[in-house]
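Trainee: would you be able to build a 3D model of this:
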Amino acid sequence: MHGNSRRRKQKSDYALQLMEKQKAKYTYGVLERQFRNLFEKATSKSGVTGEVLLQFLEARLDNTVFRMGIAPTRRAARQLVSHKHITVNGVVTNVPSCQLRPGDVIGVRGKSQGLQVVKEAVGGKSDVRKFSWLEFNADKLQGKFLEYPERDQIPEKINEQLIVELYSK
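Mentor: Next comes the predicted model:
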């Protein structure tokens, strides 16, 4: 009588939008307030808000370390950054949410280059992760953030339009 037959057959628009936002948050490992602040920042920029939001998420330091292949996962990349193993333009940085700008050089700190995690991540898959907006030298353990990626270059399956609709209510 009160079982599965009473359930809604189709999810509401709000439910779909919320699920999409949650997927983006969990994929990039961002908390609600950080995500909201990034959205506000993306709204104030010129261009398509959803695309700009994803560009900001891709330009985070922890995500870039993951994309370069220095760490096997985003969480591992976040930990490498917060434990001061990563440098940005030669300066040791421990803020995973640090926004990178085109031209920034990301490297593994001298003392940390012998870490097992880094060796395994870089040595295991040397040529698998190639992204046009990033440059990485596996020998020096150093890379460069060249530019913000275009939407079609970002491999995540996120419908950013639903996130924009959710926040613009």
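
Trainee: show me the longest helix that occurs in this protein.
Mentor: Using DSSP state H to define each element, the chain has its longest helix at helix 13-28.

Trainee: what's next to that one, contact-wise?
Mentor: Defining contact as C-beta atoms under 8 Å, 6 or more residues apart in numbering, one finds that helix 13-28 is touched by 11, 30-32, 35, 54, 57, 60, 63, 74, 156, 158-160, 162-163, 165-167. All C-beta atoms are positioned from the backbone trio N, CA, C, and that covers glycine.

Trainee: cool, stretch 105-120 as well?
Mentor: Contact with stretch 105-120 is made by 61, 64-65, 68, 70-72, 76, 80, 84-90, 92, 100, 140-145, as judged by C-beta under 8 Å, 6+ apart.

Trainee: also stretch 88-98?
Mentor: Contacts of stretch 88-98 (C-beta under 8 Å, 6+ apart): 30, 34, 60-62, 77-78, 81-84, 86-87, 100, 104-107, 109.

Trainee: just the buried residues of the contacts of helix 13-28.
Mentor: 30, 35, 54, 57, 60, 63, 74, 158, 160, 162-163, 165-167 (16 or more other C-beta atoms under 10 Å).

Trainee: just send these back as CSV, with distance to L115 and secondary structure too.
Mentor: What follows is those, written out as CSV (distance: C-beta to C-beta, whole Å; DSSP: H, G, I helix; E, B strand; the rest coil):
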residue, distance to L115, secondary structure
V30, 25, coil
F35, 30, helix
L54, 30, helix
L57, 26, helix
R60, 21, strand
N63, 19, helix
R74, 17, helix
I158, 31, coil
E160, 35, helix
L162, 39, helix
I163, 35, helix
E165, 43, helix
L166, 39, helix
Y167, 39, helix
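
Trainee: farthest pair within those?
Mentor: Within the buried ones among the contacts of helix 13-28, R74 and E165 form the most distant pair, 25.6 Å apart (C-beta to C-beta).

Trainee: tally of neighbours for V108?
Mentor: Counted with other C-beta atoms under 10 Å, residues neighbouring V108 total 23.

Trainee: correct me if wrong: Y167 contacts A42.
Mentor: No. In this structure Y167 lies outside contact range of A42 using C-beta atoms under 8 Å: 9.7 Å.

Trainee: Q99: what's it in contact with?
Mentor: By C-beta under 8 Å, 6+ apart, the contact list for Q99 reads F56, A59, R60, L61.

Trainee: report the beta-bridge partners for it.
Mentor: Q99 forms beta bridges with R60, as assigned by DSSP bridges.

Trainee: and it, how close does it get to P72?
Mentor: Counting by C-beta to C-beta, to the nearest Å, the gap from Q99 to P72 is 23 Å.
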